[in-house]
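Undergrad: Fold the following for me, if possible:
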Amino acid sequence: MADVDVFAPLSTLTWVDRNILKPNDYNPNKVSRENLKLLTQSILTNGWTLPIVVRPDYTIIDGFHRWTVSGEEPLLSILGGKVPVVVVEHKDKDEDIYGTVTHNRARGTHLLEPMKAIVKRLLNDGKSVDEIGKQLGMKPEEVFRLSDFSKDDFLRMMANKPTYSKANLSYSFACGVCTG
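TA: Prediction:
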C-alpha cells in the first residue's frame, strides 16, 4: 500500500477562478446534455458538495463536468466565476489517469429496484411527476416506468395537476356594481 496522506487534498481546499483550470486529455467519462442540466439542478438544490480535484498545474483530475456547468448560467453568476478545488500531487501522469478513472467508477450506478422504491415513495409523499422529474432528471415516461402504476392511473395522476380557471367578472345590471 502506498504511503499517502489521505488528509492532504482537503487541506488545500480553496475557491479559485474557474478559468485557470484546464481539462485533461484522457477522461473517458461522457455526460449527456440532460445530465449536465441535472448536475446544475443538483448544485442549485444541494449546494456545491464536491470540490474539483486538480493537479498542481490546475489540470482537472476529477470534476470536469462540475467545472463545465460552472461556466454556464445561472451558476456562472451565482458562483462569481469561482469553483472549489483540492490539489492532488501524484508522482506521475499515470497516477492522474488512475485518479480520474477511479473517481468516475467508484460513484457506481443506480439499481432498478431501489430507484423504483424511491419514485414510489416520492409519489406517495405527494410529490408531483413534474417535481420528481426536475429533481431527479427524469422525463415523465421514466417516472411512469419506475412507478409501477398502471398506465390509466398514471395518466389520471398527470391529469390531476392543479388547474386554474380564467377569472370572470359578473355585473349586476340592477345596480351596475361588480359582484365577483
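Undergrad: What helices and strands are in contact with the longest strand anywhere in the chain?
TA: In the chain, with assignment by DSSP state E, the single longest strand is strand 82-87. Applying 3 or more Cβ pairs under 8 Å, 6 or more residues apart in numbering; DSSP states H and E, we find strand 82-87 packed against strand 14-17, strand 52-54, helix 64-70. Every C-beta, even on glycine, is put in place using the N, C-alpha and C of the backbone.
Undergrad: Report the distance from it to the chain centre.
TA: Mean-position distance between strand 82-87 and its chain equals 18 Å (Cα atoms, centre = their mean, to the nearest Å).
Undergrad: circling back to that earlier point, of all the helices and strands packed on strand 82-87, which one is nearest Lys120?
TA: Closest of the helices and strands packed on strand 82-87 to Lys120 is helix 64-70, at 29.1 Å (criterion: Cβ to Cβ).
Undergrad: Could I get the buried residue list for the closest one?
TA: Phe64, His65, Arg66, Trp67, Thr68, Val69, Ser70 (16 or more other Cβ atoms under 10 Å).
Undergrad: Same check on stretch 55-65?
TA: Arg55, Tyr58, Ile60, Ile61, Asp62, Gly63, Phe64, His65.
Undergrad: Relative to Gln41, which of the residues you listed is nearest.
TA: Among those, and counting by Cβ to Cβ, the member closest to Gln41 is His65, at 13.1 Å.
Undergrad: what's the distance between the closest residue to the closest one other than its chain neighbours and Thr45?
TA: Closest residue to His65 apart from its sequence neighbours, by Cβ to Cβ, 6 or more residues apart in numbering: Val31 at 5.0 Å. According to Cβ to Cβ, to the nearest Å, Val31 stands 18 Å off from Thr45.
Undergrad: Counting neighbours around each, name which of those two comes out higher.
TA: Val31 (13 against 9; other Cβ atoms under 10 Å).
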